[in-house]
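Visitor: predicted model, plus sequence, below.
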2 protein chains.
Amino acid sequence: MDELLGTATAPDARSVPHATPFVTTDPSVSDDELNQQIAGTFTQLINQAHDLGQDVASHFGLTGSDAKALFMLSAPMTMKELGAKMGVDPSFVTSVADALEKRGLARREPSERDRRSKNLVLTREGEKLRDLICGEVMARAPWRPLDTGERHCLLGLLRKMIRLGGR
Amino acid sequence: MDELLGTATAPDARSVPHATPFVTTDPSVSDDELNQQIAGTFTQLINQAHDLGQDVASHFGLTGSDAKALFMLSAPMTMKELGAKMGVDPSFVTSVADALEKRGLARREPSERDRRSKNLVLTREGEKLRDLICGEVMARAPWRPLDTGERHCLLGLLRKMIRLGGR
DNA sequence: AAATATAGTTGAGTTACTCAACTGTTGAGG
DNA sequence: CCTCAACAGTTGAGTAACTCAACTATATTT
């Protein structure tokens, strides 16, 4: 966890691996303007992505949260872990797990190490549906119009934002 | 990896104005993997940004939607326009407008051209609060760790995604 | 053995919406 | 001018996506 930054003094080229943007810094745009424009497009994109998720999920008869959980359960994990990964309260994990179990997409398996905790495991059905949904989302993902190079660049920027922007 | 640096072809420059990413396309990462990783970081960022919005809004005693509306009302507009901009149902605009009006942050002004429609206008208070919130959000925005060049690059990519990725 | 912490559940409440049905206004066609 | 469909906004009911407080059943610490 603590390779957080590598170093604060590292050159930019290293901080965003695989994506070294050589940019024509346009001096006609002030920093404030730039930030405003990023804020605008960013929120638009967030809405777009959110709607995409909802749309695809409901198309397959799931709520957005259920689909999100399905996606994250590629590897089995305990309720607590899923809650942490989804960033939600444990009680909400219960209702999501209930929903998935009711549809036969996942099951709770008692942990052997700790009888308080339960592992969530996808069933075959669950895996199949996850793959279907995943494919549909990818096919309509917002980065569809970007070429490979641009995608690498995007990933680098996203990672830098997450590493340093969290909290 | 570095040997490819700078070999990116010039034509890319046209596709994303003001942001010309010369990218080291790493062949060790498959397209599928790349997309998966983008999907993961992207959803993480979306959550982060969403939480930021909620957090700042509630810190100022507003709901997230109210703050969003406040931000978008920099220029006055009709309910319908605000609904379109926020991407929500007209009926929800009513409740947001009610909330803002009740707090004295905005008021409904009857349109002169069309007596069915009403313009939403921020009060002085509304403008002050919007600026406060805006400042707070900017100070904690996820692109905080990006330098100016990287921000231009990001904006270019975001715009390309919105222009071509939307429905 | 007792006290405390932890994993998960239940129930109540909130926020952020949508949808269907209604009111008052407008604009186009007869 | 009159009608009538389309439209802006509102109301009320319902849903999705949560949180919070309180509880149960284990686990860990003392």
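Guide: Structure's in. What do you need?
Visitor: when you work out contacts or count neighbours from here on, use the C-alpha atoms and nothing else.
Guide: Will do.
Visitor: what about the residue of chain A most remote from its centre, distance to A:P90?
Guide: The centre of chain A is farthest from one residue, A:S28, which by CA atoms, centre = their mean lies 34.6 Å away. As judged by CA to CA, to the nearest Å, A:S28 and A:P90 stand 49 Å apart.
Visitor: same deal with A:R113?
Guide: Applying CA to CA to A:R113 and A:P90 gives a distance of 20 Å.
Visitor: neighbour-wise, which of these two wins?
Guide: Using other CA atoms under 10 Å in any protein chain shown, the more surrounded residue of A:R113 and A:P90 is A:P90, with 15 against 8.
Visitor: ok, the more buried one touching A:K80?
Guide: Yes - the pair A:P90 / A:K80 is scored as a contact, 6.4 Å apart, by CA atoms under 8 Å.
Visitor: up against DNA strand D, what does chain A have?
Guide: Within chain A, the residues that sit near DNA strand D (CA under 7 Å from any atom of the strand) are A:54, A:63-66, A:87-92, A:113-116.
Visitor: max pairwise distance over the residues you listed: which two?
Guide: Farthest pair in the residues of chain A next to DNA strand D (CA to CA) is A:Q54 and A:R113. Separation: 36.4 Å.
Visitor: skip ahead from the helix or strand of chain A with the lowest mean pLDDT and say which helix or strand is next.
Guide: For chain A, using mean pLDDT, DSSP states H and E, the weakest element among its helices and strands is helix A:12-15, scoring a mean of 38. As assigned by DSSP states H and E, the chain's next helix or strand after helix A:12-15 is helix A:31-59.
Visitor: which elements pack onto that following helix?
Guide: Using 3 or more CA pairs under 8 Å, 6 or more residues apart in numbering or on different chains; DSSP states H and E as the contact test, the elements touching helix A:31-59 are helix A:64-72, helix A:124-139, helix B:148-165.
Visitor: which of those helices sits closest to A:R151?
Guide: Among the helices and strands packed on helix A:31-59, helix B:148-165 sits nearest to A:R151 (CA to CA), with 8.9 Å.
Visitor: ok and that closest one relative to helix A:31-59, angle-wise?
Guide: Interaxial angle, helix B:148-165 versus helix A:31-59 (axes from the mean of the first three to the mean of the last three CA atoms, to 10 degrees): 40 degrees.
Visitor: measure how far helix B:148-165 is from the centre of its chain, please.
Guide: 12 Å (CA atoms, centre = their mean, to the nearest Å).
Visitor: buried set for that helix?
Guide: Residues of helix B:148-165 classed as buried by neighbour count (16 or more other CA atoms under 10 Å in any protein chain shown): B:148-162, B:165.
Visitor: pick out the lowest-pLDDT one from the residues you listed.
Guide: Lowest pLDDT of those: B:G165, 52.
Visitor: just to revisit the earlier point, near DNA strand C, which of the residues of chain A next to DNA strand D show up?
Guide: A:90-92, A:116.
Visitor: dump the residue contacts of A:D98.
Guide: Applying CA atoms under 8 Å, 6 or more residues apart in numbering or on different chains, we find A:D98 in contact with no residue.
Visitor: ok, now how distant is it from A:R116?
Guide: Going from A:D98 to A:R116 by CA to CA gives 17 Å.
Visitor: do the same with A:M86
Guide: 21 Å.
Visitor: could you do A:L122 as well?
Guide: In terms of CA to CA, A:L122 sits 20 Å off from A:R116.
Visitor: of those two, give the one with the bigger neighbour count.
Guide: A:L122 (23 against 8).
Visitor: show me what counts as buried in stretch A:85-93.
Guide: In terms of neighbour count (16+ other CA under 10 Å), stretch A:85-93 has its buried residues at A:86, A:93.
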